[in-house]
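A.B. asks: need a 3D model of the following:
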Amino acid sequence: MKATEKKRPPISNYVTVEGEKRLRDELDYLWRQERPRVTQQVSDAAALGDRSENAEYIYGKKRLREIDRRVRHLRKRLEVLTVVDRLPTDTSRIYFGAWVTVEDEAGKEHRFRLVGPDEIGEHAGYISIDAPLGRALLGKSVDAEISIRSPAGRKEWWVLEVDYEGPA
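C.D. replies: Numbers count the residues shown, from 1 in each chain. Down below sits the predicted model:
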């Protein structure tokens, strides 16, 4: 590693029960439905003759590679993930799976759920425990002040609420 390169922090291997189910459902769908369908399309396109100029064949092969890549990724991740299926002993503090309401410097409230990196992007308001704000929130309780460094400068946040139930 070069002196100027920054070492990336390791990716957390935690996932919520809901997150694991979504990953397993995606794997099942890709393997049992999507891949056989695309394989049949490629087979049908190949039967038409010249494959070098057959867009359906070329696209189908590309799609099969994408599916296979995602299936490999999902299988590897599911092997190493730890499913967090119970509440922490101290629910007044912020830990994995917590719903947190914070206030920023402008007085605007934001509600987040701390989840694993495999779950972000699925729902609005989910942040990874590996993100700077996620790491800063871990272990904090109501009325805690959090300061994080961002590309735009230092940001201040105040914890208003911590719960593990989620939105109604």
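A.B. asks: what strand or helix carries residue 57?
C.D. replies: helix 55-80 (DSSP states H and E).
A.B. asks: ok, now residue 38?
C.D. replies: Assigned by DSSP H and E, residue 38 falls in helix 35-46.
A.B. asks: please save the CA atoms from that helix in PDB.
C.D. replies: Extracted in PDB, the C-alpha atoms of helix 35-46 (Å, rounded to 0.1, in the frame of the first residue of the first chain):
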ATOM      1  CA  ARG A  35     -31.400 -17.100 -14.300                       C
ATOM      2  CA  PRO A  36     -33.500 -19.900 -15.800                       C
ATOM      3  CA  ARG A  37     -35.600 -17.300 -17.700                       C
ATOM      4  CA  VAL A  38     -32.500 -15.500 -19.100                       C
ATOM      5  CA  THR A  39     -30.800 -18.900 -19.900                       C
ATOM      6  CA  GLN A  40     -33.800 -19.900 -22.000                       C
ATOM      7  CA  GLN A  41     -33.700 -16.500 -23.800                       C
ATOM      8  CA  VAL A  42     -30.000 -17.000 -24.600                       C
ATOM      9  CA  SER A  43     -30.700 -20.500 -25.800                       C
ATOM     10  CA  ASP A  44     -33.500 -19.300 -28.000                       C
ATOM     11  CA  ALA A  45     -31.400 -16.500 -29.400                       C
ATOM     12  CA  ALA A  46     -28.500 -18.900 -30.100                       C
END
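A.B. asks: mind giving me the packing neighbours of the helix holding residue 57?
C.D. replies: Applying 3 or more Cβ pairs under 8 Å, 6 or more residues apart in numbering; DSSP states H and E, we find helix 55-80 packed against helix 17-29, helix 35-46. Just so you know, the C-beta spots here come from the backbone N, C-alpha and C atoms, and that holds for glycine as well.
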